[in-house]
Each structure stands twice: as C-alpha cells, then as structure tokens.
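In: Got a predicted structure here, sequence first:
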Amino acid sequence: MENQYEDECRRALAEEQAKSLAETGNWSHVDKDQVHRDWDVLYREIAAHLDDSRPGDQPIQELVRRHFDITCRFYLPTREAYVGTALLYAEDEAMREFHNAYHPGMVEFLGAAMRIFAERGVGFAA
C-alpha cells in the first residue's frame, strides 16, 4: 500500500509541476534567487534544530510551513505532490546531496516532517 501511495505522490508531483511550468513560462513569475536565499535561511534553521527535535514537533512544523509557503511561490501543490517533493529530495542524488549538506540527516528528517505537514492538510490544493 505504501509503494502505491508513494507512486501516486511521484505522479502528482510530476503532473502538477509540468502543468505549472507550462502555464507560467517555466515559473517566470518566481524570483528564483530570492527563493534560494529563503530556502538557505530556512534549511540552516531546520539543521540547527534537527538533533534535538522530532519531525512532528510544533516548532519544526512551523518551519515546514515556511517550506510549504516557499514552494507555493511556484504553484499550489496537492498533499500528494508535496509528499512527492519529499520523495524527490530522497531519491534524486543531487537533491539529496544538496539538502544533506546542511545536516547529514536533513533529507530523512525533512521528508518525515513534510509528510506530517501534508497529513494535516492545511493550505493544500484540492
């Protein structure tokens, strides 16, 4: 069952991103430099809390809310597409290396926190 759900999440991510890219001229509306600066600040904050927190802790979920808000600058994902993003971070070697450069456990921790955030379902597209 888990594999089927994860496959659904990967598909949702691919479909939603492709649609958004096509509709927005490859996300021409996004200030990508600012997004990268904002993610850098956010990932540093998460890394500072990672060793003494759990993914579902309220302060971590508030940080994940900021991650979600940054993601929404590109498009408003469904819950499944957001979980698909967490899977992408874990499965794409470059993404894994990028995120784990902030902390060796970043991808696993952030992925778990993103899943919890998605399960709560606040702010997602239908």
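Out: Nice, I can see it.

In: Please enumerate the helices of this protein.
Out: Assigned by DSSP state H, the helices in the chain fall at 2-23, 32-50, 58-71, 79-91, 93-100, 106-120.

In: Buried deepest among those helices, which one?
Out: helix 79-91 (a mean of 21; mean count of other Cβ atoms under 10 Å). No exception for glycine: its C-beta is placed from N, CA and C like everyone else's.

In: between that helix and helix 106-120, how big is the angle?
Out: 170 degrees (axes from the mean of the first three to the mean of the last three Cα atoms, to 10 degrees).

In: Counting by contacts, list what the worst-scoring helix or strand of the chain on mean pLDDT packs against.
Out: The weakest-scoring helix or strand in the chain, judged by mean pLDDT, DSSP states H and E, is helix 2-23 (a mean of 95). Helix 2-23 is packed against helix 79-91, with contacts defined by 3 or more Cβ pairs under 8 Å, 6 or more residues apart in numbering; DSSP states H and E.

In: So R66 sits against L42, correct?
Out: Yes: shown here, R66 and L42 form a contact pair, counting by Cβ atoms under 8 Å, at 5.5 Å.

In: and the helices of the chain as TSV, adding distance to A126?
Out: Formatted as TSV, the helices of the chain follow (distance: least, Cβ to Cβ, whole Å):
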stretch	distance to A126
helix 2-23	12
helix 32-50	25
helix 58-71	16
helix 79-91	10
helix 93-100	27
helix 106-120	14
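
In: For the chain, give me the ranges with low pLDDT.
Out: 1 (pLDDT under 70).

In: which residues sit in contact with the residue lying closest to L63 once chain neighbours are set aside?
Out: Spatial nearest neighbour of L63, excluding adjacent residues (Cβ to Cβ, 6 or more residues apart in numbering): I46 at 5.3 Å. Residues near I46 by Cβ atoms under 8 Å, 6 or more residues apart in numbering: 60, 63, 102-103, 106, 109-110.
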